[in-house]
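Colleague: sequence and predicted model, in that order:
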Amino acid sequence: MLHDLFIAPFIEFEFMRRALVGSLAIAFGAAPIGVFLMLRRMSLIGDAMAHAILPGAAIGYLLSGLSVFAMAGGGMIAGLVIAIGAALIARNTELKEDASLASFLLIALALGVTIVSIGGSNVDLLRFLFGSVLALDDQTLLLIVSITTVSLFALALIWRPLVLECVDPGFLRSVSRAGGPAHLAFLALVVINLVGGFHALGTLLAVGIMIVPAVTARFWARDITMMIVIAVTNAGVAGYAGLLLSFHAGLPSGPAVILVSGVLYAASVIAGPVGGLLWQAFPGRHLEA
Amino acid sequence: MSILLRTVIALWTAVMLASAPAAAQDRVKVIASFSILADLVKNVGGDRVDLSVLVGRGSDAHVYAPTPADARKVAEARLVVVNGLGFEGWLDRLIKAAGGKATVVVATKGIKARKAAGDHDHDRKDGHKHDHDDDVDPHAWQNVLNVKTYVANIRDALAAADPAGADTYKVNAAAYSARLDALNADVRAATAKIPSARRKIITNHDAFGYFGAAYGIRFVAPQGVATESEPSARDVARIISQMKRQRIPAVFLENISDPRLMQRIAKETGAKIGGTLYSDALTAANGPAPTYIDMMRHNLGTLVGALATS
């Protein structure tokens, strides 16, 4: 019975196994990035970047059809151009980074939609926006797993400056010049993880698996390492449970994954030991026991 | 509407008509909602109609979004030929928004509609089963005999709008209907040659309900009848199990749905990817399905090719 419910779908169907591998790989890559985004108060930037990727992916699609690597490459280039462009404008003008990024993202989104609709039908656009975790082929899986590998190694490399910049950017600036490069490398990681995610979950929901588990982790740990462990676990569980939900209840798979992580988030807001509502309402009970 | 406004419009129309070239003046302005209907109208109306189409070749009418240029075309048209049966959900609003005095011609008038996704119903035990009465399958043109009704409806509407050309329309429609009869006979003969155990197909859009019912081929699809709905893991799993269980020999791609999913299913079941079937839209003039009759012949050839060989 339990076997039927939780394991059999993955044994019986290869597409479920592929979907699971893809979701887990995305969880390992994206969730740690999400934790840093949250700690740096950049949670919404992920959203902006996801839209910024669209025109690049669209151009890649126009040039070489539904090729995974053309679309991913185009998306990465567009994302990086916009991340760096927004950062440069923020540093050299009166505009704050969020404002310049917001304008870039809206322009990019409009451009992306225009390019897609010039080159193909509306259905192609929907494919970009919603992805398909059930149709992961070898190429796409390879791309997602490579992105995760690269991003884990890169995170290990820039870990110290990144953590310092989250906690005390002034101090980092006084002792090292690693802050700037680390910031750029980090933005690049955001972009490649979104590109990996949008093949499986689509541009809209790739951000979801990055941010929601990370924000949830905030309710369970104060320590950044623990937060990342929890976020990755959380994203993995959401991927697994979301696929099962899609399998048993017949829900579309991408949204199901994000909805599960949304449920985990809601539960954590209420019951999470770090700043959760219940723990705030009854602060003494914990100590009495 | 005020009298002044009416007068202004009448005057304006008179000026426009007077200044328009003579040829365009006596041609009937007709709009067809999508490419297959346009092909039928062209065959019946010939040179007497000034034809334009809203959803062009290769585009999906299910998820089409009208543009202001389309609204202008509709406002100027005498006749708007639509498929009906809920196929062009967006069109009613467009016609209302555009104003104008076009007569709407429902080409499927008099055709007995099939329930949407009939083969699929037993698969959907959940709440959102297709059980409303108005939920019919709009793809009636996939049965060649239905298209004879389309042609008759179009002929009558054109004759009513342009009585001077009634004879022409009659002759054209009769000639085209004869070609349809020949096509129908060919499809019937070719499908009859396929062993009945192999007359099963999986395709990613159940637009072929009418075709299947008329010519005895079962089409199974992983998605509902509209292309908007995203397939769930359960849908895909069911299709794969079903294909393995019933030994469905071929899986077909369509020109307007996600091909990656089909490839995944084909790999997992060992079925053959049969080729491309065209259902809702014609291809460009140099493609395999530039006209309705070409489309049906192309589909027939593709189907027979995949199913007849063992």
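Modeller: All right, it came through fine. Numbering: from 1, shown residues only, chains lettered A, B, ... in the order given.

Colleague: for the stretch 51-200 of chain B, what lies in contact range of chain A?
Modeller: B:G58, B:S59, B:D60, B:V63, B:Y64, B:A65, B:D126 (C-beta under 8 Å from any C-beta of the partner chain). For the C-beta atoms, the positions are set from N, CA and C on the backbone; glycine is no exception.

Colleague: report pLDDT for the fifth one.
Modeller: If I follow you right, that is B:Y64. Here the pLDDT value assigned to B:Y64 is 79.

Colleague: and it, its phi and psi?
Modeller: The phi/psi pair for B:Y64 (degrees, to the nearest 10) reads phi -70, psi 140.

Colleague: now for it, how many residues are close by?
Modeller: 21 (other C-beta atoms under 10 Å in any protein chain shown).

Colleague: does it touch B:W90 like I think?
Modeller: Yes: the criterion here is C-beta atoms under 8 Å, and B:Y64 meets it with B:W90 at 6.3 Å.

Colleague: which residue ranges form the helices in chain A?
Modeller: Applying DSSP state H to chain A gives helices spanning A:2-6, A:8-12, A:14-39, A:43-64, A:68-92, A:97-119, A:122-130, A:138-167, A:169-175, A:179-217, A:224-249, A:253-271, A:277-281, A:285-288.

Colleague: closest one to B:L183 among these?
Modeller: helix A:122-130 (28.5 Å; C-beta to C-beta).

Colleague: tell me the contacts of the residue nearest to A:W279 when sequence neighbours are not counted?
Modeller: Residue nearest to A:W279 in three dimensions, not counting chain neighbours: A:P273, with 5.8 Å by C-beta to C-beta, 6 or more residues apart in numbering or on different chains. Counting by C-beta atoms under 8 Å, 6 or more residues apart in numbering or on different chains, A:P273 touches A:F219, A:W220, A:W279.

Colleague: and B:I31, what's its pLDDT?
Modeller: pLDDT at B:I31 comes out at 92.

Colleague: identify the bridge partners of it.
Modeller: Using DSSP bridges, the beta-bridge partners of B:I31 come out as B:S52, B:V80.

Colleague: show me which residues of the stretch 151-289 of chain A sit near chain B.
Modeller: A:L243, A:S246, A:F247, A:H248, A:A249, A:G250, A:L251, A:P252, A:S253, A:G254, A:A256.

Colleague: are any of these buried, and which?
Modeller: Neighbour counting with 16 or more other C-beta atoms under 10 Å in any protein chain shown marks A:L243, A:S246, A:F247, A:H248, A:G250, A:L251, A:P252, A:S253, A:G254, A:A256 as buried within these.

Colleague: quick one, strands of chain B?
Modeller: B:28-34, B:49-55, B:79-82, B:103-106, B:114-115, B:136-137, B:200-203, B:218-220, B:250-254, B:272-277 (DSSP state E).

Colleague: by mean pLDDT, show me the worst of the ones you listed.
Modeller: Minimum mean pLDDT among those: strand B:250-254, a mean of 72.

Colleague: who's in contact with stretch A:145-160?
Modeller: A:21, A:25-26, A:28-29, A:32-33, A:162, A:178, A:181-182, A:185-186, A:189, A:192-193, A:195-196.

Colleague: give me the below-cutoff pLDDT ranges for the chain.
Modeller: In the absence of a named chain, chain A is used. A:65-66, A:119-131, A:203-204, A:284-289 (pLDDT under 70).

Colleague: hmm, I had chain B in mind actually
Modeller: In chain B, residues with pLDDT under 70: B:1-25, B:117-134, B:204-206, B:221-230, B:253-259, B:309-310.

Colleague: repeat that for 50
Modeller: Applying pLDDT under 50 to chain B flags the ranges B:18-22, B:24, B:118-133, B:223-228, B:255-256.

Colleague: most centrally placed residue in it?
Modeller: Nearest residue to the geometric centre of chain B (C-alpha atoms, centre = their mean): B:D280, 4.6 Å.

Colleague: okay, that one and B:V53: tell me how far apart.
Modeller: As defined by C-beta to C-beta, to the nearest Å, B:D280 lies at a distance of 13 Å from B:V53.

Colleague: what sits in contact with each of the two?
Modeller: Residues touching both B:D280 and B:V53 (C-beta under 8 Å, 6+ apart) are B:F34.

Colleague: buried subset of the contacts of stretch A:145-160?
Modeller: A:21, A:25-26, A:28-29, A:32-33, A:162, A:178, A:182, A:185-186, A:189, A:192-193, A:195-196.

Colleague: okay if I get the residues of the stretch 51-200 of chain B next to chain A as CSV plus distance to B:Y215?
Modeller: Shown next, in CSV, are these (distance: C-beta to C-beta, whole Å):
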residue, distance to B:Y215
B:G58, 25
B:S59, 27
B:D60, 24
B:V63, 28
B:Y64, 28
B:A65, 34
B:D126, 31
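
Colleague: who wins for most neighbours among the residues you listed?
Modeller: Most crowded among these, counting by other C-beta under 10 Å, is B:D60 at 23 neighbours.

Colleague: please report phi then psi for that one.
Modeller: phi -100, psi 120.

Colleague: relative to chain A, how far out is the closest residue to B:H139 other than its chain neighbours?
Modeller: Among residues not flanking B:H139 along the chain, B:A207 sits closest, at 4.3 Å (C-beta to C-beta, 6+ apart). As judged by C-beta to the nearest C-beta, to the nearest Å, B:A207 and chain A stand 14 Å apart.

Colleague: B:A207 and B:D280 touch, don't they?
Modeller: Yes: at 5.9 Å, B:A207 and B:D280 qualify as touching, with contact defined as C-beta under 8 Å.

Colleague: what sits in contact with each of those two?
Modeller: Counting by C-beta under 8 Å, 6+ apart, the contacts common to B:A207 and B:D280 are B:H139.

Colleague: which one of the residues of the stretch 151-289 of chain A next to chain B is nearest B:A116?
Modeller: A:G250 (17.2 Å).

Colleague: does that closest one touch B:V236 like I think?
Modeller: No: using C-beta under 8 Å as the test, A:G250 is too far from B:V236 to be in contact (10.4 Å).

Colleague: got a list of what the spatially closest residue to A:V215 that is not a sequence neighbour touches?
Modeller: Excluding its sequence neighbours, the residue lying closest to A:V215 (C-beta to C-beta, 6+ apart) is A:M38, at 5.6 Å. Contact partners of A:M38, counting by C-beta under 8 Å, 6+ apart, are A:I211, A:A214, A:V215, A:R218.

Colleague: hmm, the second one is touching A:M42, no?
Modeller: No: using C-beta under 8 Å as the test, A:A214 is too far from A:M42 to be in contact (10.9 Å).

Colleague: neighbour-wise, which of these two wins?
Modeller: A:A214 (29 against 20).

Colleague: skipping adjacent residues, who's closest to the more buried one in space?
Modeller: Per C-beta to C-beta, 6+ apart, closest to A:A214 is A:G34, 3.2 Å.
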